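[1] Predicted structure and sequence below. I'll ask about it afterward.
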Amino acid sequence: MPGKITNHGEERMEKILHHNNSVAGSYTAVNTVTEWLNKGFDRYKNSTALYFEGESLSYEELDQQSNRIADYLANQGIDKGDRVGICLERSAEMIASILGILKSGAAYVPLDPNYPVDRLEIMREDARLSLLMTHEKYADRFETNTGQVIFWEDIEEELSHFSASSPAVDINGEDIAYVIFTSGSTGRPKGIAMPHRALSNLIEWQLERDYFKEEARVIQYSSISFDVSFQEIATTLSSGGTLFLIEDEKRRDPRTLLKTLNYFEIERLFIPFVALRSLVEAAMYNDRLPGSLTEVITAGEQLRVDDDLRKFFSSLPDSVLENQYGPSETHVVSAYLLDEDPFSWPDLPPIGTAIKNNSIYILDEHMEIVEEGETGELYLAGQNIAHGYLGREELTKKSFVKCPPNIPGYEILYKTGDLGKYNDEGEIEFLGRADHQIKIRGYRVEPGEINTVGATHPGIAHCITHSVNHGSNTQLVTYYVCKREGEVSEEEFKAYLSESLPGYMVPAFVLELESIPYTPSGKVNFKALPRPANQVTGSGSEEKGEPTYQTETEARLADIWSKLLGFENIPRTANFFDLGGDSLNAFTLFIKIEERFDIYLPLSVLTQAPTIAELSEIIDGDGSNENSDINRFRSLQLIQRGSVETPPLFMVHGGAGNVLMFKDLAKGLPPDQPVFAFQWSGWDGYKGEEDIVEMAKFYKKELREAWPQGPYRLGGHCIGGIIAIEIANLLKAEGAEVLDPILVSDSPNLYSEHYHTDEPEASEGYNEVFQQVSDSLKAEIPVNKGASQEEHTSRKKSGKQENYSVRRFPVLAKYLPFYHKLGGILLRAEETMQWWKITILKQLSIKIPLKDRHRYSTVSQLTAIKKHEKTMYEGDILYLKSEVMHGRKMGLRGWWDDIFFGFRELCTGQFDGYVIGGAHNDVLKEDRSHRIIREKIFAADE
C-alpha cells in the first residue's frame, strides 16, 4: 500500500525524518534574491564586484548599471512576473543584465547562441518571452518578429539616461527568478521555473557554511545556461567577493584555466567533476598548483576520487573540496565536505545530507522509505523545490508528486530518477539513474529527445540512443533502422541530428542496424546492441587495412589518438570530432602532444586542423599553421602567450621588419603578460606597405580583428615607435581605449629642431650631446658603462666596409691590404644589384628570397620614414634610449643634439625618457629596460 510505514524502528525513523534532513520551519526573513544582492551592494559599495579583460566595476557601479537596465526594461513595458531572454556574450554587461532583469521583477531566461535555431525558437516559445536581449551578430539566430528583440549595441549608450536608483518593485519569494531549460524525454526541452524562495535559501545556506569566505575572489566558470552560474554570481555578490569572468574558449582549456586561477589568485571555484579532473591533470603535468584556492565545489555528476586528485588536494593544505548534489529542479539540496586528509577520502564520496530547509528521502516503488543499505529512488522536498516545468502541466505532475502521509511536513516531493542508499553514517550514497537519462560531460541528456528528433527524418523508420564507454569517456550512440536499407548514410543522419540538437547531445557514433533487438517482454535489449567498432569506418577511412602514415610524427600522433579515442588504425585523414572527440579529449590530446613533441598548442588549433595529417604538419612546423588563430594574420605574430585576462602588449617592428628582438623583451616581462608583435607586411616575401600611415592602417585592422574589445597597449622600436603612434591615433579616432604610456625604443624624429644634417658628427654640438649620453649612463647604470667618445667615434665609421671586403674576398684582403679601400665601392655595387633584383621580383609578384628580405625591409622602412609627415600623440610615452646619437646606425644621415632623438616633441602628454645604453637593436634586451617597463607600465595596472 503506497504511503505505508513499514516496521522501521522509531529511533531510525526519527533519524531519517529529522536528523538526516532539515525539516521546514527555520525560514529566514530574507526571501528573495534581490534582497541578498542589495545587502551586498549597500555593504561593499567601494569594493570591486566584477573583473573582465582588464576592466573592473565596483559594487556601486554594478548596482547603478543594473538599476539602469531595470529602469530601461520597465520603460519597455516589462512587469513583475514577465520573462526576459538573455543571449549575451560573457561580459560585465551580461552580469549587469541578469541583475537588472531580477531587479525589474522579471525572470531571466538564458539562451545559448550555439544551440540550433530550431531549439532556440522552441525555448523562446515555451518561455513566452516578453523581450529578448542579445547582440546584433546573433540576429540570424532569432526570428525577430516573434516577440520583442533588443540589441545591446542599440541600448548601450541610451542606458545612461535611465535611473540609477534601485527600482521599487515588490518581489516575493514565489516570484520566478529564472527559467533554465534541460533535455526533455519527449523531444522538447523543458523549462524549469525556479522561484526566489528556493534561491534565497540556497544563498543563505552557502553563506553560513563554516568554510565559506566573505570577500573571496571567485571565477565565473559556468555558462549562464547552467544553474551553477547563479550560485557563482549570487553568493559572490552577496558576500563582498570579486567575480572574475573568463572567455568561453579560455575556460575550456584547463591549461589556460590553471594560469588564470594563479594569476588572479582565485580562492573559490565551482567546477564540474570532469573539468576538475582535467584541471588536476594540467596542474600535475605543469607542476604548478593553484595555491590560492581555499574552496573547490563540484557538482553535476558522480565525484570520483583517485590518487591524482588526492595528491592535488594534499598539496593545497588550506583548501577543501565539497561534493554538492541537486538536479536543476531544486538546485543544491545536499552536500558532503571533504576537509580531512585527502588520502583518507573514499573513492566515491557520498552526497551527504540535506541542506537547510530541505529534505531527501529514499523510497521504493511503493513510496515506502527503504532500509539502511537498500537502494531506492531519491525524492526531494523543502524550500528549494521549483514550481515545475513552464507550460508543461502533465510533465510537472509526473515529476512533482504529492507527498505520501508517511512523510510529514510537505505537500510536494520532486521525483529525481536518481538512485541512492543510506550508508552506515547516515550519509546518502549516489548510485546513478533509475531511468535512461544520461549524464554527458555534466549535461543531463534524455535519449528520448534524440530519438524524437531522429524519427522526424523521412528516411528513418526507428532509432534509439544509448551510452557506451568508449576510449576514455562515456559516449552517446544512436542506432537507427532505415525505411529502405542503406537509404540514409551514417554521416547524413548524424548531420541531420546536428541541425536540431546542441553539440553535447549529438551522438558520437551513429550506427545503422537491420532491426532493433528486443527482449521477450518487448523492451529494447540494450545488451544485444553492437558496440561501436574499434576500427574506423566511413568516408574518413580511405585506407584499407593498416593506414600508411607519411611521417614519424603522424605515426606517433596516431598512437596517441588510438589510446585516447579507443580506435585502432585511425586513417590520417579521419576527423577527431567525428571519432567522438570532444573538448576534454582535446585537452588530454594536447597534454600528450606537449609531452611527446615538446610543443605547446592552443586547443583552438584542433578546430582548424582536426586530422592526424593536418595536426602533424603543424607540429612539424613548430606550431605554425597558416590557418591557425594567430597565423591567419599576415603581420601579427605571437611572442609570448601569457594570461588570458591580461591586455596584451602589441609591439611594432623596427627597420629590419622582423620581430625577433621582442622575444628578448618578453623574457623580461611577467610570464602572464601576453606579447604580440607586428612584422612588416613584406617580410613574407611579397610586396609590403611602404608608407607609415598605410602600415598603421593595415596593422590596426589586424589588431582589431585579433583583439576586438580592447583596451590596447602599444609599443614600437625605431620606426615602429612612429607607427605605434599612428595606430594609437587611428584607434582613438574610432573610440577605442589606448592604454598609456606607449612604449618607444630608439625612435627618431626627422622633423625635430634638434635634427642636423648640415653639421658633421665631430662638431662641438655633437660632442656635447654625446657627453650627456655618457653622463646619463654613468649616473644611472655605472656597471654598464657607456662607450668613450674616442671609442664611439671610431665605431661610427663602422667596420662594415672592411668586414665586407674580408668576408667576400679573404685571400685578396690578406695579401693586398690596400684592397680594403675598395670595400665601399663593391658593397654599394652589390647593394644596388640586390635592390634591382628585389624591385623586379616585387613587380612580377614573385616571392623575394629570404636572404634578400632584410635589405628589402630596410630600404622600404627608410623610404617610408623619410616621406612621412610629422604626427603628434596626445598621450604619454615611455622612451628607452640606446647610446647611439647619429643616424648612421639606423641608415639615416645626420645626428641629434637631443638625447631622445627629438621624440619628446611628438608627445603632448607625459614623456618619461631613460638612457639605457647599448647598441640600437639591443635596447629592449637590457635588464634595466625590463625593470623600467615592469615598473612604469605593468606595475601601474595592478
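    That came through fine.
[2] Can you say which helix or strand has the spatially most central residue of the chain in it?
    When CA atoms, centre = their mean is applied to the chain, the residue found nearest the centroid is residue 250 (1.8 Å). Applying DSSP states H and E as the criterion places residue 250 in helix 248-251.
[3] doesn't residue 506 make contact with residue 580?
    No. The pair residue 580 / residue 506 is not scored as a contact, 10.5 Å apart, by CB atoms under 8 Å. Placement of C-beta: from N, CA and C, glycine included.
[4] pLDDT value on the residue nearest to the centre of the chain, please?
    The model reports residue 250 with a pLDDT of 79.
[5] so where's the stretch 701-850 of the chain uncertain?
    In the predicted model of the stretch 701-850 of the chain, residues 758-850 satisfy pLDDT under 70.
[6] now with 90?
    Filtered on pLDDT under 90, the stretch 701-850 of the chain yields the residue ranges 702, 704-711, 718, 734-736, 746-850.
[7] can you give me the helices in the stretch 101-250 of the chain?
    117-127, 152-155, 196-208, 228-237, 248-251 (DSSP state H, counting those that start in this stretch).
[8] For residue 300, which of those is the nearest?
    helix 228-237 (7.4 Å; CB to CB).
[9] Now that closest one - C-alpha only, CSV.
    Provided in CSV are the C-alpha atoms of helix 228-237 (Å, rounded to 0.1, in the frame of the first residue of the first chain):
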residue,chain,number,x,y,z
VAL,A,228,25.6,26.7,-11.1
SER,A,229,26.2,30.1,-12.7
PHE,A,230,23.6,31.6,-10.4
GLN,A,231,25.3,30.1,-7.4
GLU,A,232,28.6,31.7,-8.5
ILE,A,233,27.2,35.1,-9.2
ALA,A,234,24.7,35.4,-6.3
THR,A,235,26.8,34.0,-3.4
THR,A,236,29.8,36.1,-4.5
LEU,A,237,28.0,39.4,-4.9
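[10] Any idea which helix or strand in this protein has the lowest mean pLDDT?
    Scoring the helices and strands of the chain by mean pLDDT, DSSP states H and E places helix 789-796 at the bottom, with a mean of 34.
[11] Would you mind splitting the chain into its domains for me?
    10-25+359-433, 445-528, 552-614, 636-752+867-941 (automatic domain parsing).
[12] The ones you listed: which one's closest to residue 271?
    From the domains of the chain, taking CB to CB, the stretch that ends up closest is domain 552-614, at 12.6 Å.
[13] got the domains of the chain as a markdown table, with distance to residue 325 and mean neighbour count columns?
    Formatted as a markdown table, the domains of the chain follow (distance: least, CB to CB, whole Å; neighbours: other CB atoms under 10 Å):
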| stretch | distance to residue 325 | mean neighbour count |
| --- | --- | --- |
| domain 10-25+359-433 | 7 | 18 |
| domain 445-528 | 18 | 17 |
| domain 552-614 | 22 | 19 |
| domain 636-752+867-941 | 31 | 20 |
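[14] Dump those into a markdown table; add distance to residue 305 as well.
    Output for these, formatted as a markdown table (distance: least, CB to CB, whole Å):
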| stretch | distance to residue 305 |
| --- | --- |
| domain 10-25+359-433 | 13 |
| domain 445-528 | 18 |
| domain 552-614 | 18 |
| domain 636-752+867-941 | 29 |
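[15] Would you mind saying which of these lies nearest residue 164?
    So among the domains of the chain, domain 636-752+867-941 is nearest, using CB to CB, at 22.7 Å.
[16] circling back to that earlier point, closest one to residue 407 among the helices of the stretch 101-250 of the chain?
    helix 196-208 (19.1 Å).
[17] Now do the buried residues in that closest one.
    Using 16 or more other CB atoms under 10 Å as the test for burial, helix 196-208 gives 196-206.
[18] For the helix holding residue 250, which residues meet the burial criterion?
    249-251.
[19] Name the member of the residues you listed with the shortest distance to residue 905.
    Once CB to CB is applied, the member of the buried residues of helix 248-251 that ends up nearest residue 905 is residue 250, at 41.7 Å.
[20] if we can go back for a sec, make sure the residue nearest to the centre of the chain is actually in contact with residue 258.
    No. Counting by CB under 8 Å, residue 250 does not reach residue 258; the two are 11.1 Å apart.
[21] if I pick residue 636, what's in contact with it?
    Residue 636 makes contact with 630, 650, 676-679, 699, 702-703, 706 under the criterion CB atoms under 8 Å, 6 or more residues apart in numbering.
[22] could you dump those residues to a markdown table with secondary structure?
    Listed next are those as a markdown table, based on DSSP: H, G, I helix; E, B strand; the rest coil:
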| residue | secondary structure |
| --- | --- |
| 630 | coil |
| 650 | strand |
| 676 | strand |
| 677 | strand |
| 678 | strand |
| 679 | coil |
| 699 | helix |
| 702 | helix |
| 703 | helix |
| 706 | helix |
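[23] Export the residues you listed to TSV and append columns for distance to residue 908.
    Formatted as TSV, the contacts of residue 636 follow (distance: CB to CB, whole Å):
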residue	distance to residue 908
630	34
650	22
676	27
677	26
678	24
679	30
699	23
702	27
703	23
706	28
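[24] how about the helices in the stretch 251-400 of the chain?
    According to DSSP H, counting those that start in this stretch, the helices that the stretch 251-400 of the chain contains are 254-263, 273-286, 307-314, 393-399.
[25] Quick one: closest of the ones you listed to residue 183.
    helix 393-399 (12.4 Å).
[26] any idea of the mean pLDDT for the closest one?
    Averaging pLDDT along helix 393-399 gives 93.
[27] And the next helix or strand past it?
    Moving toward the C-terminus from helix 393-399, the first helix or strand encountered (DSSP H and E) is strand 400-402.
[28] partner strands of the very next helix or strand once past that next one, parallel or antiparallel?
    Reading on from strand 400-402 to the C-terminus, the next helix or strand found by DSSP H and E is strand 412-422. Strand 412-422 pairs in its sheet with strand 376-382 (antiparallel), strand 400-402 (antiparallel), strand 428-433 (antiparallel), by DSSP bridges.
[29] and those, which one is worst for confidence?
    Of all the strands paired with strand 412-422, strand 428-433 has the smallest average pLDDT, which comes to a mean of 84.
[30] Please save the CA atoms from that strand in CSV.
    C-alpha atoms of strand 428-433 as CSV (Å, rounded to 0.1, in the frame of the first residue of the first chain):
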residue,chain,number,x,y,z
ILE,A,428,23.5,9.3,1.2
GLU,A,429,25.4,7.5,-1.5
PHE,A,430,24.6,8.3,-5.1
LEU,A,431,24.1,5.2,-7.3
GLY,A,432,23.2,6.5,-10.7
ARG,A,433,19.9,6.8,-12.6
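[31] which residues touch stretch 443-451?
    Outside of stretch 443-451, the residues within contact range by CB under 8 Å, 6+ apart are 182-189, 327-328, 436-439, 463-467, 476, 478, 497, 501, 504-505, 507.
[32] Output stretch 266-281 as CSV - backbone C-alpha positions only.
    C-alpha atoms of stretch 266-281 as CSV (Å, rounded to 0.1, in the frame of the first residue of the first chain):
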residue,chain,number,x,y,z
ILE,A,266,41.3,32.8,-7.2
GLU,A,267,40.0,31.5,-3.9
ARG,A,268,36.7,29.8,-4.7
LEU,A,269,36.0,27.6,-7.7
PHE,A,270,32.7,26.0,-8.7
ILE,A,271,33.6,23.3,-11.3
PRO,A,272,32.1,20.1,-12.7
PHE,A,273,34.0,16.9,-11.9
VAL,A,274,35.1,16.2,-15.5
ALA,A,275,36.6,19.7,-15.7
LEU,A,276,38.2,19.3,-12.2
ARG,A,277,39.8,16.1,-13.4
SER,A,278,41.3,17.9,-16.4
LEU,A,279,42.5,20.8,-14.2
VAL,A,280,44.2,18.3,-11.9
GLU,A,281,45.9,16.7,-14.9
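[33] Contacts only, for the nearest residue in space to residue 576 that is not next to it in sequence.
    Using CB to CB, 6 or more residues apart in numbering and skipping the chain neighbours, the partner closest in space to residue 576 is residue 610 (4.6 Å). Neighbour list for residue 610: 575-577 [criterion: CB under 8 Å, 6+ apart].
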